[in-house]
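> have a look at this prediction, sequence included:
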Amino acid sequence: MIKEYYLSILSGQQRGFISTIIKSALSIFTYPYLAVLNTRNILYKNGIIKSIRLPVKIISIGNITTGGTGKTPLVEFTAKYLNEMGEKVAILSRGYGGNNSSQESNDNVNDECLTLRENLQDVPLLVGKDRARKGEKAIRDYAADCLILDDGFQHLKLKRDLDIVVINSLNPFGGENLIPRGNLREPLKNLVRADLFVISHCNQSNEQTIKSIYTRLNQINPHAPVCESVHRPVYIENITDGSTLEPEWLKGKMIYGLSAIGNPESFAFTLNKLEAVLIRYRVFSDHHVYTKEEIGDVISETKSLGADAIVVTQKDIVKIRKMNIKDANILSLKIEIQITKGIKFYEEAINKVLNMEQSN
């Protein structure tokens, strides 16, 4: 409840005297956060803290704002691309927000990691705070010759050959405020470190907004190419038997939407775009771990509303699946990222890394 209220203040949904006071108080805490951030960056930049170079190619995919940018689908997209190029790929992830019972014994596995494991069953995913050690393990145990650093833009401990930053077109620059006052993980000027930008959810933003993002990125980092992308629905999976349907099945169906993701508005947009009749949409905070009681309440409400199905994201289904629910029609909408503009920039950046000689 507190987290939801906090997020509603950041988004501007909460207005008035109390929210203004809270925003002012939060602004104060951005200064020590910025001080720590700047100190760390200076220490790495001047070599006082050493970054580690592993003897393989490393591609970082990250963001500069919190929550819902579309980073995870791009990690999946990139892993598949590298596999097609004949690379032995492994993914290194920190695993923030991991509270699932299906996590590994010593790893903090969150719903995003579970989703990646489900979609990339032939790609090793190593989760843990010490990603240098996990990288060494990937090289040693899986003969990986190319590592994807998931959520790696702020992870300066590992040197990388390519820094891809995902910019969410629905909230590109976090309200221009650092955590905890806003959604920025570090100052926008640090985007100068990026080698390639991928703007996500472009079909959910107007042309003027996209142009303004291009302008701002060019002001900060004129040397990094920019791609545009959308989240494309691929298929619907039934949680009970694993059967699949085309996304078009949703047209005209009475749907109860449910999600616990960083960008719930994007999921609602997709359902509406598919012409589902969204009679109820219940939203939990990002990475929320559902209880059986909560899902039971959703099922009861679905039946009372006469909905045809409960539709969730894949990030949600990996948490609900273990509950072994049989008395409800729960469907998962599988989404993939599609680069709609600038695919040549993306391919050139990746291929440049694959063709380079490794050095220390």
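Here it is on my side, so go on.
> which residues of the stretch 1-150 of the chain score low on pLDDT?
For the stretch 1-150 of the chain, applying pLDDT under 70 flags the ranges 1-17, 96-108.
> which stretches of it form strands?
Under the criterion DSSP state E, counting those that start in this stretch, the stretch 1-150 of the chain contains strands at 57-63, 89-93, 125-127, 146-150.
> could you name the helices and strands sitting against the lengthiest helix in the chain?
Looking across the chain with DSSP state H, the single longest helix is helix 17-45. Applying 3 or more C-beta pairs under 8 Å, 6 or more residues apart in numbering; DSSP states H and E, we find helix 17-45 packed against helix 2-11. Quick note: C-beta positions are derived from backbone N, CA and C, even for glycine.
> partners of the residue lying closest to residue 116 once chain neighbours are set aside in the sheet?
Distances taken as C-beta to C-beta, 6 or more residues apart in numbering put residue 125 closest to residue 116, at 5.5 Å, once the chain neighbours are dropped. Counting by DSSP bridges, residue 125 is bridged to residue 91.
> count the neighbours of residue 125 for me.
24 (other C-beta atoms under 10 Å).
> distance of the spatially most central residue of the chain relative to residue 65?
In the chain, the residue lying closest to the centroid (C-alpha atoms, centre = their mean) is residue 71, at 3.6 Å. Distance of residue 71 to residue 65, computed by C-beta to C-beta, to the nearest Å: 10 Å.
> verify the contact between residue 27 and residue 177 for me.
Yes. Here residue 27 reaches residue 177: they are 7.5 Å apart, a contact under C-beta atoms under 8 Å.
> what about residue 181, which helix or strand?
Secondary structure assignment for residue 181, by DSSP states H and E: no helix or strand.
> give me the neighbour count for the nearest residue to it once chain neighbours are set aside.
The spatial neighbour of residue 181 that comes closest, neighbours along the chain excluded (C-beta to C-beta, 6+ apart), is residue 26 at 4.3 Å. Counted by other C-beta under 10 Å, the residues lying close to residue 26 total 18.
> cool, and the one 5 residues further on?
Around residue 31 sit 10 other residues, with neighbours defined as other C-beta under 10 Å.
> over to residue 30?
Count around residue 30 with other C-beta under 10 Å applied: 17.
> OK, contacts around the residue nearest to it when sequence neighbours are not counted?
With C-beta to C-beta, 6+ apart as the criterion, residue 30 has its nearest non-adjacent residue at 4.4 Å, and that residue is residue 178. Listed by C-beta atoms under 8 Å, 6 or more residues apart in numbering, the contact set of residue 178 reads 30, 33, 34, 184, 185, 186, 187.
> any idea how far residue 222 is from residue 178?
Look at residue 178 and residue 222: by C-beta to C-beta, they are 24 Å apart.
> quick one: which of the strands of the stretch 1-150 of the chain is nearest residue 332?
When the strands of the stretch 1-150 of the chain are compared by C-beta to C-beta, strand 125-127 sits nearest residue 332, at 19.4 Å.
> which strands or helices does that closest one pack on?
Going by 3+ C-beta pairs under 8 Å, 6+ apart, strand 125-127 lies up against strand 89-93, helix 111-119, helix 131-142.
> of the ones you listed, which is nearest residue 199?
helix 111-119 (20.0 Å).
> with just CA atoms, put that closest one into PDB.
Taking Å, rounded to 0.1, in the frame of the first residue of the first chain, the C-alpha atoms of helix 111-119 are listed here in PDB:
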ATOM      1  CA  ASP A 111      10.000 -12.800 -12.200                       C
ATOM      2  CA  GLU A 112      12.000 -11.300 -15.100                       C
ATOM      3  CA  CYS A 113      14.700 -13.900 -14.700                       C
ATOM      4  CA  LEU A 114      12.000 -16.700 -14.500                       C
ATOM      5  CA  THR A 115      10.500 -15.300 -17.700                       C
ATOM      6  CA  LEU A 116      13.900 -15.300 -19.400                       C
ATOM      7  CA  ARG A 117      14.600 -18.900 -18.300                       C
ATOM      8  CA  GLU A 118      11.200 -20.000 -19.700                       C
ATOM      9  CA  ASN A 119      11.700 -18.300 -23.000                       C
END
